[in-house]
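Peer 1: quick check, what structure comes out for this input:
(one chain, ligands or ions: 1)
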Amino acid sequence: MMLQRSLRRTRQSGLQTLLFSTDRRRQVELKSQIDIPVVVSTNSSSSTSTSTNIINVNDRGDHVRINTTFQKQETDAPAPDHFGVLFHPIRKLLSSWPASRAPDTNGRRHPNCIQSSATMADPAAAISAGAAVQLRPKLSELAAQISANAKIVEDYIEAQGLPYPSFATDGPSNFPIPETAETEKIHEARQALLTASKRIYDLATGPNEYLRWMVWNYNDVSTLHVATAFDIPNIVPLDGDISFADIGKQCKVPELKIRQVLRLAMTNRIFYEPRHGYVAHTAASKLLRDELMRNWIAYNTDDLAPASLKVVEALQTLPDSGETSETAFALAHGGESLFQFLGARPERAKRFGTAMSAFSTGQGYAVEHLVNGYDWDQLPKDATIVDVGGATGFVSVELAKAHSDFKFVVEDKVKAQLDLGQAQLDEALKPRFEYLVHDFFTEQPIKGADVYLIRWCMHNWSDKYALIMIKSLVPALKNGSKVIINELALPEPNTSNPWAERRIRTLDMVMMMCLNALEREEGDWKRLFAEADPRFRFDGVKQPPGCLMNIVEATFVTE
Ligand SMILES: C[S@@+](CC[C@H](N)C(=O)[O-])C[C@H]1O[C@@H](n2cnc3c(N)ncnc32)[C@H](O)[C@@H]1O
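Peer 2: Numbering: from 1, shown residues only. All right, here's what the predicted structure looks like:
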């Protein structure tokens, strides 16, 4: 009866919440509106009767409804804690969240998620519980979450004397709170703020309007396209303003049309009108002067947007293709694959390179996550690492700095990249480095290395080619050789922070559109290794804390 005693105690004390310890890593708040009739718990045996209950759980601020069916159970095992029996299904749900799938950037389940991933007993049930989280938020609860989390964030900014977030011309271009161990909680609050804000906006819009607006988003993209293509961010002075008429003259576009475009852009806080007929910069429009941002926008508007309108045709005419030449991108660009297209246009290739670096050099993608997030010390002290598709070898260089006896072979098909890496290599590292032109679709020439590292290469290729890539390694592998792949492993739906999830699912879609490729789930990785060779032991997927990428590992076992 310990649960009943606890509930009674809570009601008597007038508290609104109970603290429920699920595992050593965290505590979950449960609203005290729990009314579950039959629970028996003793020190030596436990039993529950069958009953179906709807429990309103507030899991760190999110409202969740879970339908729980309890089977009648008799067991001699001591109840793990006073909620252990009653909440066994929920407890299982929460604690089965595997460390290898740390779902948010800080290695914890996102506060707005209740279900775990592959290892859960009934992922489908959990996903539907997760869907309930997303589909049935209450406006007032969301508003309360927004208010509470905004206060946490604001208090921190003010206490630290940081610049206040703003779209004013002198506003900071990034959210002002740095990502450090100390600010972890503040960033959690910011994430919760973003998630609740999006939900309340969607809810208050309603499905009908929401859909109409969603499909109109290309107009927003078009304003960015026009602004950057006509160099308007550089025409508008950093201080002061300029008339629509003068912008029109400089762009050789009628004033009226410039005004039409910019006044829509202004609704997104890109430029603003400080006085009638005049345009000035906001913090966002100022960023459009930045070369990385302009490359990112141009790559998306010129190269990808036309491809996005060809996805239907690609799926209708070439649904099963895994070829890079049979993609929506190729349909939109005269039959050229992305690689052919870039190969024939050095300027576009350069722009693609900088756009990609803008996307993937952020904090969550830093090489240090691979250097610090994998147990390299388990390898022989003088291990040989082959950096397959390693470009200049910059990843190997970082590993070499941390492990003074490791040796490296950097392989790439593009000799120019290897030459550049070799030219930049520190004298002290030279004795431990080799560079080799190699096509990763052909047999691996470096035999018996301890690790074959593949970073950001596999997601460019369909399973057909990913399989060839892994099989090409097999003749070189010795017993115990490891294949380490460092890129993404898609989480189960609703198990990660919703913003991170949208980002990687968008990337997944882009990989299909451009290359008939994909971002893979843990199960996809496991299947690839099993298909490549039965001697692979799949060791799983890890996500270092704070990292947006995953480390996929398999060991070749012959003895
Ligand atoms: C996205 S980059 C990844 C580079 C690096 N591993 C990293 O972590 O940033 C992909 C690399 O694969 C190389 N590559 C593409 N096709 C290749 C092939 N068939 N054989 C070997 N390298 C290839 C490219 O030249 C490029 O350097």
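Peer 1: quick one: low-confidence residue ranges for the stretch 301-450 of the chain.
Peer 2: 357-363 (pLDDT under 70).
Peer 1: near the ligand, which residues of it are found?
Peer 2: 389, 390, 391, 395, 412, 413, 414, 417, 439, 440, 441 (CB under 6 Å from any ligand atom). Every C-beta, even on glycine, is put in place using the N, C-alpha and C of the backbone.
Peer 1: let me have the residues you listed in TSV, extended by neighbour count and secondary structure.
Peer 2: Output for these, formatted as TSV (neighbours: other CB atoms under 10 Å; DSSP: H, G, I helix; E, B strand; the rest coil):
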residue	neighbour count	secondary structure
389	21	coil
390	27	coil
391	19	coil
395	21	helix
412	23	strand
413	13	coil
414	12	coil
417	19	helix
439	11	coil
440	21	coil
441	12	coil
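Peer 1: what's the farthest-apart pair in the residues you listed?
Peer 2: Farthest pair in those (CB to CB) is 395 and 441. Separation: 20.5 Å.
Peer 1: distance between the helix or strand hosting residue 142 and the chain's centre?
Peer 2: Assessed by DSSP states H and E, residue 142 sits inside helix 139-160. Counting by CA atoms, centre = their mean, to the nearest Å, helix 139-160 is centred 24 Å from the centre of its parent chain.
Peer 1: which residues does it contact?
Peer 2: Helix 139-160 is contacted from outside by 61-63, 162-165, 176-177, 183, 185-186, 189-190, 192-193, 196-197, 199-200, 203-204, using CB atoms under 8 Å, 6 or more residues apart in numbering.
Peer 1: after that helix, next one along is what?
Peer 2: Immediately after helix 139-160, counting by DSSP H and E, sits helix 184-205.
Peer 1: C-alpha coordinates for that following helix, CSV please?
Peer 2: Extracted in CSV, the C-alpha atoms of helix 184-205 (Å, rounded to 0.1, in the frame of the first residue of the first chain):
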residue,chain,number,x,y,z
GLU,A,184,22.9,23.1,-20.3
LYS,A,185,19.7,23.7,-18.3
ILE,A,186,19.2,27.1,-20.0
HIS,A,187,19.4,25.5,-23.4
GLU,A,188,16.9,22.8,-22.3
ALA,A,189,14.5,25.6,-21.3
ARG,A,190,15.2,27.3,-24.7
GLN,A,191,14.4,24.1,-26.5
ALA,A,192,11.2,23.7,-24.5
LEU,A,193,10.3,27.3,-25.3
LEU,A,194,10.8,26.7,-29.1
THR,A,195,8.9,23.5,-29.1
ALA,A,196,5.9,24.9,-27.2
SER,A,197,5.9,28.0,-29.3
LYS,A,198,5.7,26.1,-32.5
ARG,A,199,2.9,23.9,-31.1
ILE,A,200,0.9,26.8,-29.8
TYR,A,201,1.3,28.6,-33.2
ASP,A,202,0.2,25.5,-35.1
LEU,A,203,-2.7,24.9,-32.8
ALA,A,204,-3.9,28.5,-32.9
THR,A,205,-3.7,28.4,-36.7
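Peer 1: next SSE downstream of that helix?
Peer 2: Sequence-wise, the next helix or strand downstream of helix 184-205 (DSSP H and E) is helix 207-214.
Peer 1: mean confidence (pLDDT) on that following helix, please.
Peer 2: Regarding helix 207-214, the rounded mean pLDDT is 96.
Peer 1: just the angle between it and helix 184-205, please?
Peer 2: 110 degrees (axes from the mean of the first three to the mean of the last three CA atoms, to 10 degrees).
Peer 1: domain parsing for this structure?
Peer 2: If you go by automatic domain parsing, the domain ranges for the chain are 6-205, 218-287, 291-360, 368-556.
Peer 1: which residues touch the helix or strand encompassing residue 285?
Peer 2: Residue 285 belongs to helix 283-287 when assigned by DSSP H and E. For helix 283-287, contacts defined as CB under 8 Å, 6+ apart pick out 166-173, 227, 233, 236, 238, 265, 268-271, 293.
Peer 1: pLDDT at residue 491, what is it?
Peer 2: Reported pLDDT for residue 491: 89.
Peer 1: and it, how close does it get to the ligand?
Peer 2: According to CB to the nearest ligand atom, to the nearest Å, residue 491 and the ligand sit 21 Å apart.
Peer 1: residue 270 now?
Peer 2: 30 Å.
Peer 1: again with residue 195
Peer 2: In terms of CB to the nearest ligand atom, residue 195 sits 30 Å off from the ligand.
Peer 1: likewise residue 460?
Peer 2: In terms of CB to the nearest ligand atom, residue 460 sits 7 Å off from the ligand.
Peer 1: okay, now that residue: neighbour count?
Peer 2: For residue 460, the count of nearby residues is 18 (other CB atoms under 10 Å).
Peer 1: could you pull up phi and psi at it?
Peer 2: With angles defined as degrees, to the nearest 10, residue 460 sits at phi -80, psi 0.
Peer 1: then residue 435?
Peer 2: Dihedral angles (degrees, to the nearest 10) for residue 435: phi -120, psi 140.
Peer 1: now the nearest residue to it once chain neighbours are set aside: which helix or strand?
Peer 2: Spatial nearest neighbour of residue 435, excluding adjacent residues (CB to CB, 6 or more residues apart in numbering): residue 418 at 4.3 Å. Assigned by DSSP H and E, residue 418 belongs to helix 415-424.
Peer 1: returning to what we had before: ChimeraX command for the buried members of the contacts of helix 283-287?
Peer 2: Buried subset of the contacts of helix 283-287, written as a ChimeraX selection, criterion 16 or more other CB atoms under 10 Å:
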select :169,171,227,233,236,265,270,271,293
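Peer 1: make sure residue 339 is actually in contact with residue 324.
Peer 2: Yes: Residue 339 lies in contact with residue 324 (CB atoms under 8 Å); the separation is 6.2 Å.
Peer 1: thank you kindly, that will do.
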